[in-house]
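> Could you work out the structure for the sequence below:
(one chain, ligands or ions: 1)
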Amino acid sequence: MAGGAIVSTGASKDYPGKLTFFVLFTSIVAATGGLIFGYDIGISGGVTSMNSFLLKFFPSVYRKEHENQSTNQYCKFDSQVLQMFTSSLYLAALIASFFASVVTRMFGRKWSMFGGGITFLVGAALNGFAKNILMLILGRILLGIGVGFANQSVPVYLSEMAPARLRGMLNIGFQLMITIGILAANLINYGTSKIKGGWGWRVSLGLAAVPAGIITLGSLFLPDTPNSLIERGHADEAVHMLRRIRGTDDIHEEYNDLVAASEEAKLVKHPWRNILDRKYRPQLTMAILIPFFQQLTGINVIMFYAPVLFKTIGFGGNAALMSAVITGLVNVFATVVSIFTVDKLGRRKLFLQGGGQMLVCQIIVGTLIAIKFGTNGEATLSKSYAAFVVLFICVYVAGFAWSWGPLGWLVPSEIFPLEIRSAGQSINVSVNMLFTFIIAQAFLTMLCHLKFGLFYFFGGWVLIMTTFVAFFLPETKNVPIEEMILVWKAHWFWGKFIADEDIHVGGGIEMGNGRSKAGSK
Ligand code: BGC
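Okay, here's the model as predicted:
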């Protein structure tokens, strides 16, 4: 049956079972893995805008900022070493995610989270007690390894535990924790910057141990997912777990599908080589493009450097940190919106709406800055003008927070068949980290050269990614993970890559006979 004949219904197979307290609880614990990532994202911008920190580790940046008051505003924070402080973590996370993929597949999702938590804990201690730049960067690297492991395992864990119809909601718990971590970090920076004696930055960096402690301990109590138990040959435990997480004994259909998926997976000896097969082309493309696009929204310009950015446009130190708290709050609340809409409206609507909103705001913010600073960057903004800039930055953050933020982690974690899931997720994490690294490393320099045009630059990318979603990303809401292949098969473009023989899911679902109900665009 030709792929084109399959009609999209937007509905899908629904296994029996409900959202049990057990699943809710384990998902909340696992999602706390997002806290460590978020805390990191939020903490470095504030710390690098503290004078005592700059004086100790980056005296040349300090001098440039203070002695040369008249230099171009756009360029006063441009320092490769300072950027290296923020970005080194993401490079480490990138490399770690490949090792994490092996741990996740061979030992289960849980031990990957535990490993991430412990490494992160050591990194936090090194940073809090840092005496020199070496300890500082080494600490950042350990934190990065922790993030690599957590980001590899948590999204997959959540997507596997969740019943299909609530997968979006539970998975976004991860993103919600990221945003709470960022906000906590912003608030802590705001408080510690006021500590007399210039050691506030130590508290900021050292407190990363708190979220690390939570996920390290929490992971010890987590059960592994049925998918992972079956994959590792523990069939009885998997049945037991599936009954427990679905709250019913009627799990045979889902169990059989998981076993079928696992049998398929066993045939694949080399997930890394296999992911290059033609039939996985849609998933591979998404594993690369989704995280790439997520970072090219430019969000981390705000998340990492909000205090620095706000200082650049003329805010005082205090106001700059406060504005970062405001964007942090917007980020958390807007993420909650996606939790309650993602499984109803679907992924595509959120992507398209959020993209449009971000684009408009980027054009407005770029223009507002252009009008005042032009290209020589010599001006300060009046209070009301600056408030206007912050307002549009907040609307932009909200657009991101209910679209690319959560979906950038949700969609890749739900589209890979089991045999390539760990490998696929590694690609997702490492591409994400690579571009997080590039933006962290290049932003201050880009700001110095592109000036207000930087906002247009990211706006251009948002236009491209929104168009891409419109044409190439099928709807995945409510589709059981192990049936996702039907969605690709039904898609006008990706369907060509999947032969009928490639479809063995759902205990003999045949394509095109009316039982094929994968949602699609
Ligand atoms: C992204 C981060 C970003 C954060 C903001 C996450 O989904 O991966 O790079 O800083 O959202 O909330």
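> top helix in this structure by residue count?
helix 418-450 (DSSP state H).
> Centre of the chain to it, how far?
Taking Cα atoms, centre = their mean, to the nearest Å, the mean C-alpha location of helix 418-450 is offset from the chain mean by 10 Å.
> cool, and stretch 169-176?
That offset, for stretch 169-176, works out to 10 Å (Cα atoms, centre = their mean).
> can you list contacts of it?
Identification of contacts with stretch 169-176 by Cβ atoms under 8 Å, 6 or more residues apart in numbering yields 23-24, 27-28, 30-31, 33-34, 154-155, 158-159, 161-162, 332, 335-336, 338-340, 342-343, 405-406, 409-410, 413-414. Every residue, glycine included, has its C-beta placed from N, CA and C.
> do the same with stretch 22-35
By Cβ under 8 Å, 6+ apart, the list of residues contacting stretch 22-35 reads 113, 116-117, 150-151, 153-154, 157-158, 161-163, 170, 173-178, 180-181, 184, 211, 214-215, 218-219, 221-223, 244-245, 247.
> circling back: now, of the contacts of stretch 169-176, which are buried?
With burial judged by 16 or more other Cβ atoms under 10 Å, the buried subset of the contacts of stretch 169-176 is 23-24, 27, 30-31, 33-34, 154-155, 158-159, 161-162, 332, 335, 338-339, 342-343, 405-406, 409-410, 413-414.
> give me every residue that touches the residue positioned nearest the centre of the chain.
By Cα atoms, centre = their mean, the chain has its centre lying nearest to Trp409, at 4.9 Å. Residues near Trp409 by Cβ under 8 Å, 6+ apart: 151, 155, 171, 174-175.
> quick one: which helix or strand includes it?
helix 404-415 (DSSP states H and E).
> what about that helix, average pLDDT?
In this model, helix 404-415 has an average pLDDT of 94.
> pull the CA atoms of that helix into PDB?
This file holds the C-alpha atoms of helix 404-415, laid out as PDB (Å, rounded to 0.1, in the frame of the first residue of the first chain):
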ATOM      1  CA  TRP A 404      10.900  25.500  21.200                       C
ATOM      2  CA  GLY A 405      11.900  25.300  24.900                       C
ATOM      3  CA  PRO A 406       9.900  22.300  25.900                       C
ATOM      4  CA  LEU A 407       9.300  20.900  22.400                       C
ATOM      5  CA  GLY A 408      13.100  21.000  21.700                       C
ATOM      6  CA  TRP A 409      13.400  18.200  24.300                       C
ATOM      7  CA  LEU A 410      10.000  16.500  24.000                       C
ATOM      8  CA  VAL A 411       9.900  15.900  20.200                       C
ATOM      9  CA  PRO A 412      13.300  14.200  19.800                       C
ATOM     10  CA  SER A 413      12.700  12.000  22.900                       C
ATOM     11  CA  GLU A 414       9.500  10.600  21.400                       C
ATOM     12  CA  ILE A 415      10.300  10.000  17.800                       C
END
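> any idea of the mean pLDDT in stretch 48-55?
Mean predicted confidence for stretch 48-55 is 86.
> Check which element follows the host helix or strand of Ile41 along the chain.
Assigned by DSSP H and E, Ile41 falls within helix 33-48. Next helix or strand after helix 33-48 toward the C-terminus (DSSP H and E): helix 51-57.
> which other residues reach that next one?
47-48, 61-62, 65, 82, 85, 130, 133, 136, 198-201, 317.
> Return the residues of this protein in contact with the ligand.
With Cβ under 6 Å from any ligand atom as the criterion, the chain meets the ligand at residues 41, 175, 178-179, 182, 294, 299-300, 303, 331, 405, 408-409, 432, 436.
> Please tell me which one of those residues counts the most neighbours.
Within the residues of the chain next to the ligand, most neighbours by other Cβ atoms under 10 Å means Ile178, with 32 neighbours.
> Just want the phi and psi numbers for that residue.
Ile178 adopts backbone torsions of phi -60, psi -50, taken as degrees, to the nearest 10.
> Next, the distance between the ends of stretch 491-501.
17 Å (Cα to Cα, to the nearest Å).
> I'd like the mean pLDDT over it, please.
92.
> which parts of it are buried?
491, 494-495, 497-498.
> Which pLDDT value belongs to the closest residue to the ligand within the stretch 201-350 of the chain?
Going by Cβ to the nearest ligand atom, the ligand is nearest to Met303 of the stretch 201-350 of the chain, at 4.0 Å. Model confidence at Met303, expressed as pLDDT, equals 85.
> picking that back up, just the ones of the contacts of stretch 169-176 in helices?
23-24, 27-28, 30-31, 33-34, 154-155, 158-159, 161, 332, 335-336, 338-340, 405-406, 409-410, 413-414.
> quick one: the strands in the stretch 51-200 of the chain?
Applying DSSP state E, counting those that start in this stretch to the stretch 51-200 of the chain gives no strands.
> wait, which of the buried residues of stretch 491-501 is closest to Arg348?
His491 (12.0 Å; Cβ to Cβ).
> What are the phi and psi values at that closest one?
phi -80, psi 140.
> let's number from 803 now, not from 1
Okay, using 803 as the starting number, the last item reads as His1293.
> Next up, the contacts around Leu1212.
Contacts for Leu1212 (Cβ under 8 Å, 6+ apart) come out as 957, 961, 969-970, 973-974, 977, 1144, 1149.
> ok, 10 Å please
957, 960-961, 969-974, 976-977, 1092, 1140, 1144, 1149, 1152, 1278-1279 (Cβ atoms under 10 Å, 6 or more residues apart in numbering).
> And the nearest residue to Gly1020 once chain neighbours are set aside, what's its pLDDT?
Of all residues not flanking Gly1020 in the chain, Val831 sits nearest, at 4.2 Å (Cβ to Cβ, 6 or more residues apart in numbering). The model reports Val831 with a pLDDT of 90.
> One more: Gly1314?
34.
> before we move on, what about Phe1239?
88.
> Show the average pLDDT along stretch 926-934.
95.
> Buried ones in that stretch, by neighbour count?
If you call a residue buried by 16+ other Cβ under 10 Å, then stretch 926-934 has these buried ones: 926-930, 932.
> Columns distance to Lys996 on top of the residues you listed, output as TSV?
Listed next are the buried residues of stretch 926-934 as TSV, based on distance: Cβ to Cβ, whole Å:
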residue	distance to Lys996
Ala926	22
Ala927	24
Leu928	25
Asn929	20
Gly930	18
Ala932	21
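> wait, Ser890 sits on Phe1239?
Yes. Ser890 lies in contact with Phe1239 (Cβ atoms under 10 Å); the separation is 8.2 Å.
> joint contacts of these two?
In terms of Cβ under 10 Å, 6+ apart, Ser890 and Phe1239 are both contacted by the residues Gly946.
> related to what we said a few turns ago, which members of the buried residues of stretch 926-934 occur in helices, if any?
Those of those lying in helices (DSSP H): 926-930.
> would you turn these into TSV with distance to Gly1157?
Output for these, formatted as TSV (distance: Cβ to Cβ, whole Å):
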residue	distance to Gly1157
Ala926	35
Ala927	41
Leu928	39
Asn929	36
Gly930	39
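> measure the residue nearest to Ala833 when sequence neighbours are not counted to Pro1208 for me?
Nearest non-adjacent residue to Ala833, counting by Cβ to Cβ, 6+ apart: Gly975, 3.5 Å away. Gly975 is 9 Å from Pro1208, where distance means Cβ to Cβ, to the nearest Å.
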